[in-house]
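> Give me coordinates for this.
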Amino acid sequence: MANIKGQIKRNRQNEKRRVRNKAARSEIKTRVRVARQAVDEGAEDAGEKLRLAQKRLAMAGAKGRVHPKQAARRISRLMQRASKGAQA
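The predicted structure follows:
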């Protein structure tokens with residue numbers, strides 16, 4: 001347990017950020033999984049699910065929940081998968 005007031009505050013802030021980041025990353029995983037399934041099945045609403053997944057990834061990258069380059073890479077791979085699914 002920290003004895004210094006500043007470190008106690010830092011621990012409090014870190015815990016808040018950890019919970020917030022975990023929730024955001026969990027939502028991203030869910031959105032990406034749903035979008036992939038929709039693309040693979042050729043669902044009618046695949047475009048909408050892709051858009052939501054892309055939006056969440058972009059927001060997480062912009063806010064530092066995940067690294068911006070990781071967000072861009074995952075969006076790119078998702079869109080490549082979607083275009084392959086559309087061609088097939």
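> use CA for all of it now, contacts and neighbours both
OK.
> Make sure A71 is actually in contact with G61.
Yes: counting by C-alpha atoms under 8 Å, G61 is a contact partner of A71 at 5.3 Å.
> ok, now how distant is K16 from G61?
Going from K16 to G61 by C-alpha to C-alpha, to the nearest Å gives 18 Å.
> the more surrounded of those two?
G61 (17 against 11; other C-alpha atoms under 10 Å).
> who are the neighbours in contact with the more buried one?
67-72 (C-alpha atoms under 8 Å, 6 or more residues apart in numbering).
> Now intersect the residues you listed with the helices, please.
In helices, defined here by DSSP state H, the members of the contacts of G61 are 68-72.
> what residue is smack in the middle of the chain?
I28 (3.1 Å; C-alpha atoms, centre = their mean).
> What pLDDT does the model give it?
With respect to pLDDT, I28 has a value of 97.
> And for K49?
Model confidence at K49 (pLDDT) stands at 96.
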